[in-house]
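> Next input, structure requested:
(one chain, ligands or ions: 1)
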Amino acid sequence: MLRVPVRFVGKVYRPPSEADALLLQASIGCSHNRCTYCDMYRDKPVFRPRPVEECLEDLRTAGAQYGSRVQKLFVTDGDALVLPVEAWERILGEARRQFPALRRVSCYAMARNVLDHGPEALAALRAAGLTRLYIGPESGDDVTLRRIAKGSNAATHVEAARLAHEAGMELSVIFLLGAGGVERSAEHAIASAALATAMNPAYLSALTLTVVPGTPLHRLEQRGSFVLPDVPALLGELRTFVALASPDNAVFRTNHASNYLPIAGNLPTDRDRILRVLDGALGGSVALRPEWSRGL
Ligand code: SF4
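The predicted structure is shown next:
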């Protein structure tokens, strides 16, 4: 991982596929910061954009140090797409100047950020070099989405995907096994597959929910209002998802450290092979990642 020296506030997160990207912290925290399961930015309760001049300085520092070694730039924190277009354009312009081999710039986004920008701004961002958005609806089930306080329903995510595609951006879409709890497990899996199909991303992944102490979800769990499905049920959700999700052609990964079973393939092309692996895991003939080696 390439890191701009010094300038990070708190913990910084990026998707597994951005492990070799340069990280630039252009915003601090998450403008939403209310998802009940999320612990990522609770150490930064007040969201704020970084001053653009500081971001540009960081890019110049990184340019002097890494220059043409940088091919990917990942802009943090939790929903960096919320930054104004003008800030993005200055950051993207400086990134192009500093990194002549740059071929991808990406960030996390919420569906609402996409809709708030609208078609013209998204087209301008794409033209300036923002090429990929990572969006985590986590579930396609509106009841689950409301309970986890995601802030948007399934239809909003479909519209966000449509706008992003129209602007020429790639989408990487993330779902969260277990998000519906035991109570909504089946609905969550089925509706998530439907939403994955409707959003039709180029990249699709599933993570597994871990209930983190200190989160609202943990308090619900302690009160007995939320029960995380057990491992076979989580694998069952994944099986349902894989069996039903039908994007045109998506790279599908469960390589995040939170998962019990790392899988790689394309959907729908590799559906049957992935289902055989999942059936092996459910039947006990395919080993799972041990609990101690899982991560958030
Ligand atoms: S939008 Fe993402 S970063 Fe923000 S609270 Fe929800 S899960 Fe966490």
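
> Just the helices from the stretch 1-150 of the chain, written as ranges.
Listed from the start of the chain, the stretch 1-150 of the chain has helices (DSSP state H, counting those that start in this stretch) covering 52-66, 85-98, 111-128, 142-147.

> Throw those into TSV and include distance to the ligand, mean pLDDT and mean neighbour count, thanks.
To be clear about C-beta, it is placed using only N, CA and C from the backbone, and glycine gets the same treatment. Shown next, in TSV, are the helices of the stretch 1-150 of the chain (distance: least, C-beta to the nearest ligand atom, whole Å; pLDDT from 0 to 100; neighbours: other C-beta atoms under 10 Å):
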stretch	distance to the ligand	mean pLDDT	mean neighbour count
helix 52-66	19	96	17
helix 85-98	18	98	19
helix 111-128	9	98	18
helix 142-147	11	98	19
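
> need those helices in TSV with distance to Pro216, can you?
What follows is those, written out as TSV (distance: least, C-beta to C-beta, whole Å):
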stretch	distance to Pro216
helix 52-66	32
helix 85-98	31
helix 111-128	20
helix 142-147	10
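
> Mind checking these for the one nearest to Arg294?
Using C-beta to C-beta as the measure, helix 142-147 is the one of these that comes nearest Arg294, at 21.8 Å.

> And the strands in the stretch 151-296 of the chain?
For the stretch 151-296 of the chain, applying DSSP state E, counting those that start in this stretch gives strands covering 170-177, 203-208, 250-253, 264-267.

> OK, contacts around Ala124?
Residues in contact with Ala124, defined by C-beta atoms under 8 Å, 6 or more residues apart in numbering, are 85, 89.

> Identify whichever of the helices of the stretch 1-150 of the chain lies nearest to Arg253.
Within the helices of the stretch 1-150 of the chain, the stretch nearest Arg253 is helix 111-128; the backing value is 21.0 Å (C-beta to C-beta).

> Tell me how far the closest one lies from the chain's centre.
18 Å (C-alpha atoms, centre = their mean, to the nearest Å).

> That one vs helix 85-98, what angle?
Between the axes of helix 111-128 and helix 85-98, defined by axes from the mean of the first three to the mean of the last three C-alpha atoms, to 10 degrees, the angle is 40 degrees.

> List of residues touching stretch 40-56?
The set of residues that contact stretch 40-56 without belonging to it, under C-beta under 8 Å, 6+ apart, is 7, 9-11, 13, 24-31, 33, 77-78, 83-84, 87, 90-91, 94, 214-215.

> any idea how far Leu176 is from the ligand?
From Leu176 over to the ligand the distance is 9 Å, taken as C-beta to the nearest ligand atom, to the nearest Å.

> Identify those among the contacts of stretch 40-56 that sit within strands.
In this view, the contacts of stretch 40-56 that belong to strands under DSSP state E are 24-25, 27-28.

> now these in TSV, with neighbour count, distance to Ile263 and pLDDT?
As requested, the ones in strands among the contacts of stretch 40-56 are exported to TSV (neighbours: other C-beta atoms under 10 Å; distance: C-beta to C-beta, whole Å; pLDDT from 0 to 100):
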residue	neighbour count	distance to Ile263	pLDDT
Leu24	27	31	96
Gln25	20	31	95
Ser27	26	32	96
Ile28	19	34	96
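
> Enumerate the residues of the chain near the ligand.
30, 32-35, 38, 40-41, 78-79, 110 (C-beta under 6 Å from any ligand atom).

> how about a cut-off of 5 Å?
For the chain, the contact set with the ligand under C-beta under 5 Å from any ligand atom comprises 30, 32-33, 35, 38, 78.

> ok, the residues you listed vs His188, which is closest?
Among those, Cys35 lies closest to His188 (C-beta to C-beta), at 14.8 Å.

> okay, now that closest one: neighbour count?
Using other C-beta atoms under 10 Å, the number of residues around Cys35 comes to 23.

> which residues touch it?
With contacts defined as C-beta under 8 Å, 6+ apart, the neighbours of Cys35 are 138, 148-151.

> ok, now how distant is it from Val143?
Using C-beta to C-beta, to the nearest Å, one obtains 15 Å as the distance from Cys35 to Val143.

> Give me the domain ranges for the protein.
When the chain is parsed into structural domains using automatic domain parsing, the resulting residue ranges are 1-109, 133-296.

> Serialize the ones you listed to CSV and add fields for distance to His117.
Below are the domains of the chain laid out as CSV (distance: least, C-beta to C-beta, whole Å):
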stretch, distance to His117
domain 1-109, 7
domain 133-296, 8
